[in-house]
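J.: task: produce atomic coordinates for the following.
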Amino acid sequence: MSTPTAGAPEATHLREITPQQWRSGTAAWLGWLFDGLELHLYTLIALPLVIQLLHATSAADPAVKEKSAYIQASFLVGWALGGAFFGRIGDLLGRSRALALTVLTYALCTGLCAFAQTWWQLMLFRFIAALGIGGEWAVGASLLSETWPRAWRPWMAAVLQTGVNLGVLSGAAIVYLLTLVLPPGGERWVFLVGVLPALLVFWIRRNVPEPEAWQRAEAAVAKKPGAAALFHGATASITVRTTLVCAFGLSSWWLFLFWQSQHLRQLLTSAGLPAADITRYVSVSFFALNAVAIAGNFAGGWLVRRLGNPRGILIMFAGLGGSIFGAFIIPRGYHELAWFWFPLVGFFSGVFALFTMYLPPLFPTLLRTTGSGFCYNIGRLAAAFASVVFGWLAPVNDFRLALLAASALGLIAAVGSWWLPADPAETA
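T.: Numbers count the residues shown, from 1 in each chain. Below is the predicted model:
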């Protein structure tokens, strides 16, 4: 199959999409679907599980909030390192091989979380699982950018991110249903669902060949460029600008995702609801947030089709930061947050879909997964630091403090988006 980079005519209708393109798209979408599932299993059951592992009596124990923050931080660090590590593997060994390795890593280690006996064992398993999840983003995004038509990138980005949203919705539904049948304290067994993606590996290796763009680039050089090439020449400016925006934006989003559920739990606990009911209420809220996020993915795609990626990203980040600020600038009840403000935040989280097809083409072919993985996932390190800091502050402060900080970071990302590199199509 000829790829767009080879100068062949691009498909304009679905019937013109080749079998290889369908297979690569399916592999990437399923990888992202399972990413979403794995991502938020812990977020939804973090508090009761950590209470159990620490043998604490309630969520009011300062150690519970502290250790929860450490576990979340280790996950974000693993995600950042995984994006860089597997991104490099994707450039060295190929997209299909690296994609299979990332899925296997996060599937098996998520399953191992069910057998953790201490909080630090849970932290270790989450860290290793995160390596695979972070790597899958970089590899899957590059796989699609090299096989599907350029003009379709905004919609492909939306469809890919929808895979994550559906994975999150699946996770929320699974947690909700399992809390109806699991005995008290049985939340840990939810993690066994995370083993299922391992089956995808066998299909990927049999049916998804390496993109011709990567094969040609590999054959054309005697020695592949090292990761240090990201900071040389014109590529250095692209690396720095995109990394800064991703760092602020992802820190904002992950602070919100983690602490909003803890804030809701605090509100519902104060209202006197039983623990099992609280978990279900939080799952329902999370479901609503991510259902609306699907519309946000396509709204973001519509924006960049008309304004380009830099301006579309700016508008969406402004909406993200502004909606988080509106949610927490004054005290609000569960229903107001869960049914208006959180879905509004979810809508503007569609900004993260845009990076999927925007980042990879900014870099040379043999630096593509390295560059996109590094720039996008380095934001997890900043988010990890913020998680620990607010984990220290949480025992003596309202969760709203962390969430207002998240809104400020989102608005900074919006300002920084003004200096993002032009779309690849414009610079080609």
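J.: I'd say Phe286 and Arg265 touch.
T.: No: with contact defined as CB atoms under 8 Å, Phe286 does not reach Arg265; the gap is 11.8 Å. Heads up, the C-betas are built off the backbone N, CA and C, glycines and all.
J.: looking at these two, which one has more neighbours?
T.: When Phe286 is set against Arg265 and neighbours are counted by other CB atoms under 10 Å, the residue ahead is Phe286, at 27 against 21.
J.: where's the more buried one relative to Leu268, distance?
T.: 13 Å (CB to CB, to the nearest Å).
J.: please apply the same query to Gly371.
T.: 43 Å.
J.: one more: Ala276?
T.: For Ala276 relative to Leu268 (CB to CB), the value is 11 Å.
J.: of those two, who's got more company?
T.: Taking neighbours as other CB under 10 Å, Ala276 and Leu268 compare with Leu268 leading, 20 against 14.
J.: remind me which residues of the stretch 251-400 of the chain are low pLDDT?
T.: Applying pLDDT under 70 to the stretch 251-400 of the chain picks out residues 379-380, 383-384, 386-398.
J.: now for the residue nearest to Ala46 when sequence neighbours are not counted: which residues touch it?
T.: Nearest residue to Ala46 in three dimensions, chain neighbours excluded: Ser68, at 5.3 Å (CB to CB, 6 or more residues apart in numbering). Contacts for Ser68 (CB atoms under 8 Å, 6 or more residues apart in numbering) come out as 46-47, 50, 262, 391.
J.: which of those lies closest to Gly163?
T.: Nearest to Gly163 among those, counting by CB to CB, is Ala46 at 23.4 Å.
J.: for the helix or strand containing that closest one, packing partners?
T.: Using DSSP states H and E, the element containing Ala46 is helix 19-54. Packed against helix 19-54 by the contact rule (3 or more CB pairs under 8 Å, 6 or more residues apart in numbering; DSSP states H and E) you find helix 62-93, helix 95-112, helix 119-145, helix 153-181, helix 198-207, helix 233-270, helix 275-307.
J.: okay, buried residues for that helix please.
T.: Buried residues in helix 19-54, counted by 16 or more other CB atoms under 10 Å: 20-21, 23-25, 27-54.
J.: and stretch 368-376, C-alpha only, in CSV?
T.: Provided in CSV are the C-alpha atoms of stretch 368-376 (Å, rounded to 0.1, in the frame of the first residue of the first chain):
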residue,chain,number,x,y,z
ARG,A,368,8.1,10.5,15.2
THR,A,369,7.2,8.2,18.1
THR,A,370,10.1,9.5,20.2
GLY,A,371,9.1,13.1,19.7
SER,A,372,5.4,12.8,20.2
GLY,A,373,5.8,10.4,23.1
PHE,A,374,8.3,12.7,24.8
CYS,A,375,6.4,16.0,24.3
TYR,A,376,3.0,14.7,25.2
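J.: how far away from the center of its chain is that stretch?
T.: A distance of 14 Å separates the centroid of the chain from that of stretch 368-376, by CA atoms, centre = their mean, to the nearest Å.
J.: contact partners for Leu264?
T.: 281-282, 285, 334, 337-338.
J.: show me where the stretch 301-428 of the chain has helices.
T.: When secondary structure is read from DSSP state H, counting those that start in this stretch, the stretch 301-428 of the chain shows helices at 309-328, 334-336, 342-348, 351-358, 368-377, 379-393, 400-416, 424-427.
J.: next, the angle helix 153-181 makes with the longest one.
T.: On the basis of axes from the mean of the first three to the mean of the last three CA atoms, to 10 degrees, helix 309-328 is oriented at 30 degrees to helix 153-181.
J.: give the buried residues for helix 309-328.
T.: Across helix 309-328, burial judged by 16+ other CB under 10 Å covers 309-325, 327-328.
J.: next one: the third one
T.: By neighbour count on 16+ other CB under 10 Å, the buried set for helix 342-348 is 342-348.
J.: got it, and the second one?
T.: Counting neighbours by 16+ other CB under 10 Å, one finds that the buried residues in helix 334-336 are Tyr334.
J.: just give the nearest non-adjacent residue to Ile324, would you?
T.: In space, not counting the residues next to it along the chain, Ile324 is nearest to Ser407; the distance is 3.8 Å by CB to CB, 6+ apart.
J.: what about the one you found, neighbour count?
T.: With other CB under 10 Å as criterion, Ser407 counts 23.
J.: which ones are touching it?
T.: Counting by CB under 8 Å, 6+ apart, Ser407 touches 252, 321-322, 324-325, 328.
J.: mind doing that once more with 6 Å?
T.: Residues near Ser407 by CB atoms under 6 Å, 6 or more residues apart in numbering: 321, 324-325.
J.: now, which of the residues you listed sits nearest Val190?
T.: Scanning those for proximity to Val190, where the rule is CB to CB, the winner is Ile324, at 27.2 Å.
J.: tell me how far the closest one lies from Leu344.
T.: Going from Ile324 to Leu344 by CB to CB gives 9 Å.
J.: joint contacts of the two?
T.: With CB under 6 Å, 6+ apart applied, the contact sets of Ile324 and Leu344 do not overlap.
J.: next, the closest residue to Gly94 other than its chain neighbours: phi, psi?
T.: Setting aside the residues directly before and after it, Gly94 is nearest to Glu210 in space (CB to CB, 6+ apart), at 4.2 Å. Note on Glu210: backbone dihedrals following degrees, to the nearest 10 are phi -70, psi 140.
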